[in-house]
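Provide a 3D model corresponding to the input given below.
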Amino acid sequence: MRSRWEAWPKRNSWTPSCVRMEEPGSRGARIPGSAPSLPLLVAAARRSLCSGRRRGRGSPRATCLHLAGEVLAVALGLKPALLYDCGRAGADQLRSYLEALQGVGLFTQRLHVLELGEHCLVLSPERVGQHLERVQGDGVALVDVSDEQPNPTLCALHQWPDLGALVAEVGLHLRGLQGKARLAVSSSRLQPPDWTLCALFGILLGYPAPYTFRPGRTEAKCLALTPLRVFTALLSWRPAGLQLQLYSFSVPECLLPALSGALDAWESDLRARWRAQSDFADLSISSEVVTLPTVVL
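Next comes the predicted model:
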């Protein structure tokens, strides 16, 4: 049977440290499908994530609301994590921001700020823990783009023992956080080897086929001028009048038939989670084919 994805139109070791927890204050309940005062969401971002002369002004209103919407999507389990890339805020500032969002009633679920090297992710410990258990149990399709090979190839997690051990350690670390039942916002820091970050980010962000490569490389030469199918998942956050990009990832077009099962499972899980909530509407998933002269991971 031909997968419907084929019919889409063309368009080493780490050391945990600095684990910090915060007790929740009183949280106002929010009616699903509604939103707190939008000015409060904007103020929370500008107050917590900006510094110096920019405090109080900071990021544009739309950027602040998009970030709040992405955090809500993580809290509701629509995706395991988000990679914060809106500014230079560190883990402490992000934790304060999440506490401010909880304080105005945007969400009540527990969230965690995971600092990986110089990057920060906002994630649900329970959701990511379950996701990593599935990754370890059922395996995950990895796309090897090491530049010593002419074309991208599929591989399995067990073929990358160092990466597999890191995934297991991250899962154990996050399961340990779940025992802190009363803690609403937490943060911790890990320092994995740099070469693992690309694959680790892809796994934590819930991509169905993350890229990986051998140590010491960041430029995927075998993806240059290779047709890539880019998948984008969008949804509407109607109370804020915004359309949010929930996912954006690519897979090599030549591997699409082999990845159709993983892509079908990813879409089925996303649609089921979307139907189970009422804050976001109008989920749409589209794809287009792009070809780039250089791809840096």
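
From the contact counts, what lies against the helix or strand hosting residue 70?
Element membership for residue 70 (DSSP states H and E) is helix 61-75. When contacts are defined as 3 or more CB pairs under 8 Å, 6 or more residues apart in numbering; DSSP states H and E, helix 61-75 packs onto helix 38-49, strand 81-83, helix 91-103, strand 111-116, strand 119-123, strand 228-237, strand 242-252. The C-beta positions use only the backbone N, C-alpha and C, and glycine is treated the same way.

Go through the ones you listed and pick out the most buried.
Of all the helices and strands packed on helix 61-75, strand 111-116 has the most neighbours on average by mean count of other CB atoms under 10 Å, namely a mean of 24.

That strand pairs with which strands?
strand 119-123 (antiparallel), strand 185-190 (parallel) (DSSP bridges).

Residue 66: which of the ones you listed is closest?
strand 119-123 (13.4 Å; CB to CB).

Tell me which residues are up against that closest one.
Outside strand 119-123, the residues within contact range by CB atoms under 8 Å, 6 or more residues apart in numbering are 71, 74, 80-84, 89-91, 94, 98, 111-114, 174, 197, 201, 204-205.

Tell me who's in contact with residue 224.
292-295.

Could you give me the PyMOL syntax to select whichever of those residues are buried?
Here is the PyMOL command that selects only those of those that count as buried (16 or more other CB atoms under 10 Å):
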select buried, resi 295
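
Let's have the contacts of residue 224 in TSV, adding distance to residue 160.
Output for the contacts of residue 224, formatted as TSV (distance: CB to CB, whole Å):
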residue	distance to residue 160
292	25
293	28
294	24
295	20
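
Restricted to helices, list the contacts of residue 224.
Among those, no member falls in helices (DSSP state H).

if I read this right, residue 213 contacts residue 142, doesn't it?
No. Counting by CB atoms under 8 Å, residue 142 is not a contact partner of residue 213; they are 9.8 Å apart.

Between these two, tell me which one has more neighbours.
Ranked by neighbour count (other CB atoms under 10 Å), residue 213 and residue 142 place residue 213 first, with 25 against 22.

Excluding covalently adjacent residues, which one is nearest to the more buried one?
In this structure, residue 213 finds its nearest non-sequential neighbour in residue 146, 4.5 Å apart by CB to CB, 6 or more residues apart in numbering.

Can you tell me the SS state at that neighbour?
Residue 146 falls in the coil class when you classify it by DSSP: H, G, I helix; E, B strand; the rest coil.
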